[in-house]
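Novice: structural data only, the sequence is not supplied:
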């Protein structure tokens, strides 16, 4: 999409906050030479782990750190193999004995006519176990399971793996079985009828109109194996649909749009999409846990769900461990111009919930999110530790704690790595803030181009079909910039203002929330967004690192209890290590020390210790 820049007003900013490939660098000189050894697990019952899941090999903490810094796509699998070797991932005899029935499932070797009670005679599909309680379900490593609906977890269940190889995959992408025809009036714009795929309500009633945008709710397209997040969002005025084809032609960026009023998908493509393999992610919670107790999910890979990777709603004694969530979200929620999608989200009241050793990437909204349904909820003993979250809008989001009437108790976020937060519809765009919250401009010299005729409508234009009016919430002077333009994003509402490694809403019970030893490692906008009050003592010993931000970028945003907004490039959090690559003299940590801390944290996530 053609980029323009804007700053929204303080009111819109606060509303947004409450909604929730450059050159590879050589870091080898920074790597500490001391080695790591596997953590001792003598206190754990891991007997029998070797014949349930085995690793092909493992990788050193140095190898894993280098893969992280290089943004190596193989990091998730390398981390998995190392966690198995170091027994961070295990299926214990105690867990197996929890249920009398243990089922094996393999998409490559199974048959649903089998009983599924041994690896030699596994079931083939997983769907039949959705909602079933008191069972252990083991998926064969290396297999991929095509999921046509959400998987509901049961009470007192273990969901894990057997065999060797990569994690088993739950693939929620669905084939887009439609016929595209080319629009005659617009170049490279194609359309397809979705009415045979989606059940659509056709009504002209205004009351019904408010919810009909959820029809044909597509979050992503997977085109020849590549995820396309570029859904063009336009407001609907009355019952008249915009001319989607027109705006896709103007955008000319491989984008797409859904006209839910006519059940039509529009796609910009310079080649015939009928010759491409196209799948889609719809409004699906991949794994849904609601009101269950004493259940463990570990070692699964989950992708292609349009809403969430795992939703934990009103649950007790639940563990999510060593899983890999990626390419999650993008569907509409709340309005026709607002998109959603979290990897692991705690909703409602949670008690004794553990989220640990997971790898999360390419998530539309949040990696690890504590949400709220009712203000009367009270979480207790929620631990999110030793996870990696990368390429998302927000790494950690604690909004549920802030909105609850009573403060939550014993909530811990520790040892996590939150990196490269961004607008994933445009992941390489830098959206750093100036002291007024506006986007910094002209920080990098731009190539000189010949002037072109300005064909845009004046700023006071109110054309309801103009995407420049419909894709943003408002505009104003851009802080220190002399360019009062707008930044258009396929995110829709609130398209960049809250991008942050940690979005830490203050708690009614500050002593009940601990956030320490986390690593915030680079972001396209903010390292920390802290609302409602000043920093508390529980926010300690975190590494706040940003190497490439320009010198006047404000990496921190604090909103006090009176809703006063303070953007700053000075670390406002005493007791935390801070390194901004543009100003080493004024901070307390050097690049080699930052990488040492990063390596130590990755070591903990993969099962190494000094």
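Specialist: Here it is on my side, so go on. Source: prediction; values computed, not measured.
Novice: CA atoms for contacts and neighbours, from now on please.
Specialist: Fine.
Novice: now do the strands in the stretch 401-550 of the chain.
Specialist: 409-414, 417-421, 500-505, 513-516, 519-523, 526-531, 539-540, 543-546 (DSSP state E, counting those that start in this stretch).
Novice: need these in CSV (columns: mean pLDDT, mean neighbour count and distance to residue 243).
Specialist: Below are the strands of the stretch 401-550 of the chain laid out as CSV (pLDDT from 0 to 100; neighbours: other CA atoms under 10 Å; distance: least, CA to CA, whole Å):
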stretch, mean pLDDT, mean neighbour count, distance to residue 243
strand 409-414, 88, 21, 46
strand 417-421, 97, 28, 33
strand 500-505, 86, 27, 35
strand 513-516, 86, 22, 48
strand 519-523, 94, 26, 36
strand 526-531, 88, 26, 36
strand 539-540, 80, 19, 49
strand 543-546, 88, 23, 42
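Novice: of those strands, which is nearest residue 146?
Specialist: strand 417-421 (29.2 Å; CA to CA).
Novice: what about residue 221, which SS state?
Specialist: strand (DSSP: H, G, I helix; E, B strand; the rest coil).
Novice: which non-adjacent residue is nearest it?
Specialist: residue 280 (4.5 Å; CA to CA, 6 or more residues apart in numbering).
Novice: tell me who's in contact with the one you found.
Specialist: Contact analysis of residue 280 by CA atoms under 8 Å, 6 or more residues apart in numbering lists 173, 174, 175, 176, 218, 219, 220, 221, 222, 304.
Novice: dump the strands of the stretch 401-550 of the chain to TSV, plus distance to residue 383.
Specialist: As requested, the strands of the stretch 401-550 of the chain are exported to TSV (distance: least, CA to CA, whole Å):
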stretch	distance to residue 383
strand 409-414	5
strand 417-421	15
strand 500-505	15
strand 513-516	10
strand 519-523	16
strand 526-531	20
strand 539-540	15
strand 543-546	19
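Novice: and of these, who's closest to residue 388?
Specialist: strand 417-421 (4.7 Å).
Novice: quick one: which of the strands of the stretch 401-550 of the chain is nearest residue 331?
Specialist: strand 417-421 (19.4 Å).
Novice: pull out the buried residues from the helix ranked longest in the chain.
Specialist: Secondary structure of the chain per DSSP state H: the longest helix is helix 591-606. Buried residues in helix 591-606, counted by 16 or more other CA atoms under 10 Å: 591, 594-606.
Novice: can you put those residues in a markdown table and add pLDDT and distance to residue 70?
Specialist: Output for those, formatted as a markdown table (pLDDT from 0 to 100; distance: CA to CA, whole Å):
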| residue | pLDDT | distance to residue 70 |
| --- | --- | --- |
| 591 | 77 | 16 |
| 594 | 88 | 16 |
| 595 | 90 | 13 |
| 596 | 91 | 16 |
| 597 | 91 | 17 |
| 598 | 94 | 13 |
| 599 | 95 | 13 |
| 600 | 95 | 17 |
| 601 | 96 | 17 |
| 602 | 97 | 14 |
| 603 | 96 | 17 |
| 604 | 96 | 19 |
| 605 | 97 | 18 |
| 606 | 96 | 17 |
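Novice: per-residue confidence at the residue nearest to residue 221?
Specialist: At residue 280, the predicted lDDT confidence score is 97.
Novice: please apply the same query to the one 3 residues further on.
Specialist: Residue 283 carries a pLDDT value of 92.
Novice: thinking again about what came up before, filter the contacts of residue 280 down to just the buried residues.
Specialist: Among the contacts of residue 280, the ones that count as buried (16+ other CA under 10 Å) are 173, 174, 176, 218, 219, 220, 221, 222, 304.
Novice: low-confidence regions, the stretch 101-250 of the chain specifically.
Specialist: Applying pLDDT under 70 to the stretch 101-250 of the chain picks out residues 199-214, 238-239.
Novice: how about the helices in it?
Specialist: Along the stretch 101-250 of the chain, counting by DSSP state H, counting those that start in this stretch, helices occupy 206-209, 244-251.
Novice: what segments of the stretch 351-500 of the chain are helices?
Specialist: So, for the stretch 351-500 of the chain - with DSSP H, counting those that start in this stretch - the helices run 399-403, 467-470.
Novice: hey, least reliable of the ones you listed by pLDDT?
Specialist: Among the helices of the stretch 351-500 of the chain, helix 467-470 scores lowest, with a mean of 30.
Novice: residue 62: which of the contacts of residue 280 is nearest?
Specialist: Distances from residue 62 to the contacts of residue 280, taken by CA to CA, are shortest for residue 304, at 30.9 Å.
Novice: just want the most central residue of this structure.
Specialist: In the chain, the centroid-proximal residue (CA atoms, centre = their mean) is residue 363; its distance is 2.4 Å.
Novice: what about residue 163, neighbour count?
Specialist: By other CA atoms under 10 Å, the residues close to residue 163 number 19.
Novice: tally of neighbours for the nearest residue to it once chain neighbours are set aside?
Specialist: Of all residues beyond its chain neighbours, the one nearest residue 163 is residue 53 (4.8 Å), with distances taken as CA to CA, 6+ apart. By other CA under 10 Å, 23 other residues sit near residue 53.
Novice: what of residue 95?
Specialist: So residue 95, with other CA under 10 Å, has 15 neighbours.
Novice: pull out the buried residues from the helix or strand harbouring it.
Specialist: Residue 95 belongs to helix 93-96 when assigned by DSSP states H and E. Residues of helix 93-96 classed as buried by neighbour count (16+ other CA under 10 Å): residue 96.
Novice: would you say the residue nearest to residue 221 is within a helix?
Specialist: No: secondary structure of residue 280 (three-state DSSP): strand, not part of a helix.
Novice: any idea how far residue 143 is from residue 364?
Specialist: 26 Å (CA to CA, to the nearest Å).
Novice: same deal with residue 112?
Specialist: Distance from residue 112 to residue 364, by CA to CA: 35 Å.
Novice: quick one: which of those two has more around it?
Specialist: Each of residue 112 and residue 364 has its neighbours counted (other CA under 10 Å); residue 364 has more, 32 against 16.
Novice: how much space separates that one from residue 235?
Specialist: From residue 364 to residue 235 the distance is 20 Å (CA to CA).
Novice: can you check residue 60 too?
Specialist: For residue 60 relative to residue 235 (CA to CA), the value is 51 Å.
Novice: likewise residue 437?
Specialist: The gap separating residue 437 from residue 235 is 26 Å, by CA to CA.
Novice: who's more crowded, those two?
Specialist: Per other CA under 10 Å, whichever of residue 437 and residue 235 has more neighbours is residue 437, with 25 against 17.
Novice: thanks a lot, catch you later.
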